[in-house]
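Undergrad: Here is the input, now give the coordinates:
(2 chains)
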Number of protein chains: 2
Amino acid sequence: MFEAIFTPESVAVIGASPNPERVGYAVLKNILDNGYPGAVYPINPHIPEILGCQAYASVLDVPDPIELAVLVVPIGQVLPVVEQCGQKGVRGLVVITAGFKEAGSEGNELERKLLALVRSYGMDMIGPNSLGVIDTFSKLNASFAGVMPNQGNIALMSQSGAICAAILDWSKNRGIGFSRFVSLGNKTDINEVTLLRAWGSDPESKVILAYLEDISDGASFIATAREVTRQVPVIAIKSGTTAAGSRAASSHTGSLAGSEQAYEAAFAQSGILRARTVSELFDLALIFSYQPLIQGNRVAVVTNSGGMGIIAADAVERSGLAMALFAPATIERLNHDLPPSASVYNPVDILGDARSNRYQTAITAVLEDPGVDGLIIMLTPQAQSALVEIAETIGETVASYKKPVVTCFMGGYSLGPALAALSRAHIPNYTFPERAVQSIAGMHHYYERRRRPQRIYRTFEADQEQVRQIFADAHASGRVELSEGEVRAVLSAYGLRLPESHLALSTEEAVQQAAMLGFPVVMKIASPDILLKTEIGGVKLGITGEEAARDSFELIEYRTRKYWPEARVHGVFVQEMIKPGQEFLITVHRDPQFGPLVAIGLGGMYVEVMKDVAYRLAPISEQDVRDQIRSLRAYPLLRGAGGNPPVDVLAVEDCVLRISQLVTDFTEIVELDINPLVIHHEGEGAVVLDARILIQ
Amino acid sequence: MFEAIFTPESVAVIGASPNPERVGYAVLKNILDNGYPGAVYPINPHIPEILGCQAYASVLDVPDPIELAVLVVPIGQVLPVVEQCGQKGVRGLVVITAGFKEAGSEGNELERKLLALVRSYGMDMIGPNSLGVIDTFSKLNASFAGVMPNQGNIALMSQSGAICAAILDWSKNRGIGFSRFVSLGNKTDINEVTLLRAWGSDPESKVILAYLEDISDGASFIATAREVTRQVPVIAIKSGTTAAGSRAASSHTGSLAGSEQAYEAAFAQSGILRARTVSELFDLALIFSYQPLIQGNRVAVVTNSGGMGIIAADAVERSGLAMALFAPATIERLNHDLPPSASVYNPVDILGDARSNRYQTAITAVLEDPGVDGLIIMLTPQAQSALVEIAETIGETVASYKKPVVTCFMGGYSLGPALAALSRAHIPNYTFPERAVQSIAGMHHYYERRRRPQRIYRTFEADQEQVRQIFADAHASGRVELSEGEVRAVLSAYGLRLPESHLALSTEEAVQQAAMLGFPVVMKIASPDILLKTEIGGVKLGITGEEAARDSFELIEYRTRKYWPEARVHGVFVQEMIKPGQEFLITVHRDPQFGPLVAIGLGGMYVEVMKDVAYRLAPISEQDVRDQIRSLRAYPLLRGAGGNPPVDVLAVEDCVLRISQLVTDFTEIVELDINPLVIHHEGEGAVVLDARILIQ
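TA: Have a look, this model is predicted:
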């Protein structure tokens, strides 16, 4: 878990300064002031003592071993200093110095050299361009942040130092605690993937937060996150998703932002909870940090205001959670214990004059109902409310139940001490009912994801050798787009169904093959040079008899010779004519960060006008492809909505998984389009009618 | 403007009490403690003096006139006391006493009597079941709220007393000011419509907020809101929109919540800004209260953190606003005045060490750029930031520009004094960038709505008499569903195009009419008793010649006699066969609160599976119908997406407006379905192929 960085025995601050305006002062002071028990060595060649510590000219002058070095030296000194650290046997580096990749090509080159040097000595490095690192358990604050966070169970990594600082400031105000805190900077060595893997087994961290502007290696990010999120919730906010955001991001830390669809798919497939806004990130952190994991979707509301209860019930229903239905015993108990004008059904309205005892009565009855999985307790400050007492009673009452409880104390002026009491009791309070509900919904979403069985990746037998040969041929002849015959061969090698097809070299052969296939048939010119066959009249559909077959063959031959005399012609394909069905399309596009992004949708207007498309990254698991197909708005059409017979959805899943395997096996495929895939009735399969493949 | 309620010369508190635990004490104390300059009379038959004021046994015992009476008496005394108030010449009432409509049928009856009594004396009443009324200009706090709000320009009405209390508490904490404050209670006399009308011309109110659970009279609400929102922004939150919320609402104030679609349409057509969450309500209130109205959609961002700038740019783009493109002079100026590593393009990154002078430089340059309509200033507390100084500088710098400016100071712990400085300068601060952007987007939405020309209601010539006669006939014969001939006559009377149709009584007549119309034709049995004509074989399409016409007529006659011998048969309709086109549907359903709700969508899967439907309430204006059609996701199909020729959208608008006029003229229409309307190519019109009408 990168012990040298989070729990070192000794720390050197290289570039430590006695000037309170300098970062080299702030870092040293943060280490000294926050109870770090190890040895601390300021390194500064010009000054013998800083903040009461003996200073050294270089790490090589320090007589004892140094485990971690924090660098705040000018950029020109970074490489020589790192070289000295390597010689000294330093194991961890936190490089705060900026001016690398983010500053242009010269900095980029320097960063490359820095990484090589760090690797050559087997050191681990955070940064450069980092705000620093904090560990509240080892009491190390090796950063220039203005605030030392409380100890707690939230681990945070951030690509923006400023966001780190804002989060620290925000959390301090609410008594929220962190375990580890990393400003990733340019994440040249340790990045979001290595850190995620390390924190996945960290006993002190109950939830991991990440603010990301880009992801270094999409595939390993997904694989790592998938494992880690089975142990601990990971909540991420990814900025730079729109065009304007991406422009801003690339001038910020020089990151190349991936496509929004790829990120969306990556989060969905890895089990990461994606926060849409910074406020959502904070809201989710709070509930996961403080409360036990919810075990179902049934939510109860206890409120001292009917109006607030309505808003909460609305929000619960909109969020996909359910308002709990109380057991008769609960209703009876509430009826007995509450005043007659209270409402004993969910939301429970305990009226504006409720004091702590009435809150206690209602909360106890509701939490003991086995049909309740989580609870929202609401309060608007009304006349005579003893707010602090209510807050403390809530804290004591809910502690013995293993169900998540959040509060929504609404207002501001009179709430300060009550909110502090809630925070001490580790009850997350949300100022607005919708945010309380959204937080529970996020927790429930995580619960649902985690209880799913492990993803299953189906593997199909495939003739890889045949595909390799075809790509080699195309490559040898300098083509990036495969011919129809090649496309057919590639897809067949992966078990996709295509119309039966035979190459005819003569009129008589064509007639024989057509008769053998059974009329009607299709004929198409077979030429590696002619891609737009229809446009030169090289395709005939619906050929219904021998005479038509003869005419078609000769017409195609004639036209090809006339309109494209220099084309190489291998003959004419005589093909089975596929009966009509639901048209579907599958397209693959290689994302620079995440690899093959597989898009699916229904043919025609559904994709073009209604933009009804669902994305997943290959390799796609069985669960993912099911989710993908079901997330299409037009999915009911496949199941027979509108009176059409249901089509073979299993066959579609099978096709998508085979394509996923193909584009995973062959990274040279940059684009693949199946349009249309014709899906027949249930049990009757699906056939690829037309396809294109582009390779590198 | 209900002077007797908001600015009375004298107030009686009927049911005033010396016991600090009682509401009758809280109300009197609030009036006395907050500087109300008029005469105050406690009314209590048992006590001679309360809180230093002489008390009277009844209003009739008070020697001087009383303008306003606040009632906090037990429910049994309300009617006699109101009677005394009437006799005394009291002009305004605020009834705090509860137990009326919300408590059941007995209370409902009492409430009916109360209203009659109030009306008989010509008094105005707030409540019953109200928290009270506050006016910060007349300094009257006739409520039992725990907090007196600051004076300001926000007027608030709320159907929930608790929400009122929470908003007061929240606002007090931030120094936000209100002009008037009304807890509507059961809104038996004064309701959201009368109050909206009164406040529309209130010089002290710059923005109106409303928390609503139901709307008493949909049509007058829309008409009033439409006028008022041209003068002053109205922001409303409507709760009880989902099934769970509605159940909770009906047990709360006994309100019957209308359908979500009707509310959505009502807000869209009336120009009211709808807040989705309580937090959005507050956020919008803040910007409208503090800042000048935005005059365009181009937003600039100035930030001391690149990461925050990215988040803001993302949010701006997602919100429909645009990131401003700076003029070359602005870029040059920023380049000259800011440090070299600053980013001078929007978002402007003035770096983590920015102090107030750098903020001032950047803000001035950006606000002077004519291509900037609004500004978001962001700050994360970084090392050495002099936060209060920055906040004060922002306040001073932006004051002279007539462009809205908001801040996003992110964090908590270290921000308190800086936030207070922003609040003093009337700069709205949002803790999260997305909320800052959403608030500007809401303001821009209002700006766009207000600058539109007044809505135009087209009126078509129509034969109302004919429709009236048909409805009378149907009514007389006890039918609720009109026959096909009647439907044709009603729609024709309003100028909708239908296939040409003639009634044939004999085979020869049918053949002649078919020949006259030109083949192909359609034939249908004409019978008021047979609604599902197709099912008994009573419809023949695509009749292509004289022989087929003869056969069809006789087959229809035969089948009708065989399968439905008792049906009255008027003959057989011979109809023009309409050429195919884009199928469309228009349906009208009468909403209990808002009247006729007109839904439109494309035929087939677009409505049934994709749920692509747009709603407006009749009467629909020209602008509304344009918005309605364009808001369909499938709208591009009508404009020729996917290679189809564009269809006659103007004809669709015309049909929807004619239907709107019909259902507005005839309130007895409870349901009307046109399915399909066949739309032909541009300029070729649209024809109603099939329709149903149900009347009361």
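
Undergrad: Kindly export the helix or strand in which residue A:657 is found (C-alpha atoms) in PDB.
TA: Assessed by DSSP states H and E, residue A:657 sits inside helix A:649-665. The C-alpha trace of helix A:649-665 is given here as PDB (Å, rounded to 0.1, in the frame of the first residue of the first chain):
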ATOM      1  CA  VAL A 649     -32.900 -11.300 -28.200                       C
ATOM      2  CA  LEU A 650     -30.600 -14.100 -27.100                       C
ATOM      3  CA  ALA A 651     -29.300 -14.200 -30.600                       C
ATOM      4  CA  VAL A 652     -28.500 -10.500 -30.400                       C
ATOM      5  CA  GLU A 653     -26.700 -11.000 -27.200                       C
ATOM      6  CA  ASP A 654     -24.700 -13.800 -28.800                       C
ATOM      7  CA  CYS A 655     -23.700 -11.600 -31.800                       C
ATOM      8  CA  VAL A 656     -22.600  -8.700 -29.600                       C
ATOM      9  CA  LEU A 657     -20.500 -11.000 -27.400                       C
ATOM     10  CA  ARG A 658     -18.900 -12.600 -30.500                       C
ATOM     11  CA  ILE A 659     -18.100  -9.100 -31.900                       C
ATOM     12  CA  SER A 660     -16.700  -8.100 -28.500                       C
ATOM     13  CA  GLN A 661     -14.400 -11.100 -28.500                       C
ATOM     14  CA  LEU A 662     -13.300 -10.400 -32.100                       C
ATOM     15  CA  VAL A 663     -12.400  -6.700 -31.400                       C
ATOM     16  CA  THR A 664     -10.600  -7.700 -28.200                       C
ATOM     17  CA  ASP A 665      -8.600 -10.400 -29.900                       C
END
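
Undergrad: Going by neighbour count, which residues in that helix are buried?
TA: A:649, A:651-664 (16 or more other Cβ atoms under 10 Å in any protein chain shown). C-beta: built from backbone N, CA, C; applies to glycine.

Undergrad: how far away is the nearest residue to residue A:120 once chain neighbours are set aside from chain B?
TA: Taking Cβ to Cβ, 6 or more residues apart in numbering or on different chains as the measure, residue A:120 lies nearest to residue A:86, with 7.1 Å between them; neighbours along the chain are not counted. Here the criterion is Cβ to the nearest Cβ, to the nearest Å. By it, residue A:86 lies 30 Å from chain B.

Undergrad: Next one: the residue most central in space within chain A from chain B, what distance?
TA: Central residue check for chain A by Cα atoms, centre = their mean: the C-alpha nearest the mean position is that of residue A:267, 1.9 Å away. Relative to chain B, residue A:267 is positioned 16 Å away (criterion: Cβ to the nearest Cβ).

Undergrad: Likewise for residue A:605?
TA: 6 Å.

Undergrad: Please enumerate the strands of the stretch 1-150 of chain A.
TA: Remark: strands assigned in the stretch 1-150 of chain A by DSSP state E, counting those that start in this stretch are A:10-14, A:39-43, A:49-50, A:53-54, A:68-71, A:92-95, A:124-126, A:132-135, A:140-143, A:150-158.

Undergrad: what's near enough to touch the residue in the stretch 451-600 of chain A positioned nearest to chain B?
TA: Closest contact between the stretch 451-600 of chain A and chain B, by Cβ to the nearest Cβ, is at residue A:582 (11.3 Å). Contacts of residue A:582 were listed using Cβ atoms under 8 Å, 6 or more residues apart in numbering or on different chains, and they are A:602, A:603, A:637, A:638, A:644, A:647, A:678, A:679.

Undergrad: Lowest-confidence one in these?
TA: Lowest-confidence member of these: residue A:644, scoring 78 (pLDDT).

Undergrad: which residue sits closest to that residue, ignoring its sequence neighbours?
TA: For residue A:644, ignoring the flanking residues on the chain, the nearest one in space by Cβ to Cβ, 6+ apart is residue A:637 at 7.0 Å.

Undergrad: Now do the SS call for that neighbour.
TA: The three-state label given to residue A:637 by DSSP: H, G, I helix; E, B strand; the rest coil is helix.

Undergrad: Sounds good, over and out.
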